[in-house]
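> Sequence and predicted structure are below.
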Amino acid sequence: MNLVSIRVITEDVSKLLEFYEHITQVKGIRFTDDFAELQTPGGTLAIGSTRTLQFFGGPQVAKAAANQTAIIEFITTDVDKIYQEQSGFLAPYLVQEPTTMPWGNRSLLFRDPDGNLVNFFTPVSADAIKKFEGKI
């Protein structure tokens, strides 16, 4: 079994897709007005509108902009460079500037327009580099 994607539910697919395209520099794929994907070599961030919930049992299944537990993570070669290039854009969303974590990743933490936590990180310790070898 392989994890292939994470899907976030939103009231505004266009806004969220544009945000993620900007911060990742990856062009998303818009399948319908209610569904888009941002595909990377390691996995896919799917973005679905609240209208798609009807296919999964109704609006009580998920609530847009209510995530309080998950962090969407992207590995990158140089988180400090991304922060330098994107700091103006990310300013209203910033949670934490690049910081080296005890587990060996240098992390930039911010929220997307719906409030979902997003972490861009670069492995910097020998163990973290080894753990993520071939993933960047």
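Done, it's in. Residues are numbered from 1 along each chain as shown.

> mind giving me the domain split of the protein?
1-56, 65-136 (automatic domain parsing).

> got those domains as CSV, with mean pLDDT columns?
Shown next, in CSV, are the domains of the chain (pLDDT from 0 to 100):
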stretch, mean pLDDT
domain 1-56, 96
domain 65-136, 97
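
> May I see those domains organised as TSV, with mean neighbour count added?
C-beta: built from backbone N, CA, C; applies to glycine. Converted to TSV, those look like this (neighbours: other Cβ atoms under 10 Å):
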stretch	mean neighbour count
domain 1-56	16
domain 65-136	15
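
> For residue 52, give me the backbone phi and psi.
When read as degrees, to the nearest 10, the backbone of residue 52 gives phi -70, psi -20.

> Residue 39 now?
Backbone torsions for residue 39, taken as degrees, to the nearest 10, come to phi -100, psi 130.

> Break down this structure into its strands, ranges please.
Using DSSP state E, the strands of the chain run over residues 5-10, 29-32, 35-40, 43-49, 71-75, 94-100, 105-111, 117-123.

> and stretch 5-18, how far apart are its ends?
18 Å (Cα to Cα, to the nearest Å).

> how far is that stretch from where the chain is centred?
10 Å (Cα atoms, centre = their mean, to the nearest Å).

> show me what contacts residue 104?
123-129, 131 (Cβ atoms under 8 Å, 6 or more residues apart in numbering).

> what does residue 13 give?
30, 33-36, 47-49.

> ditto for residue 29
If you count contacts by Cβ under 8 Å, 6+ apart, residue 29 has them with 36-39.

> With distance to residue 12 added, can I get those residues in TSV?
Formatted as TSV, the contacts of residue 29 follow (distance: Cβ to Cβ, whole Å):
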residue	distance to residue 12
36	11
37	16
38	15
39	20
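
> The most centrally placed residue in the chain: what's its closest spatial neighbour, skipping adjacent residues?
In the chain, the centroid-proximal residue (Cα atoms, centre = their mean) is residue 72; its distance is 4.1 Å. Among residues not flanking residue 72 along the chain, residue 118 sits closest, at 4.9 Å (Cβ to Cβ, 6 or more residues apart in numbering).
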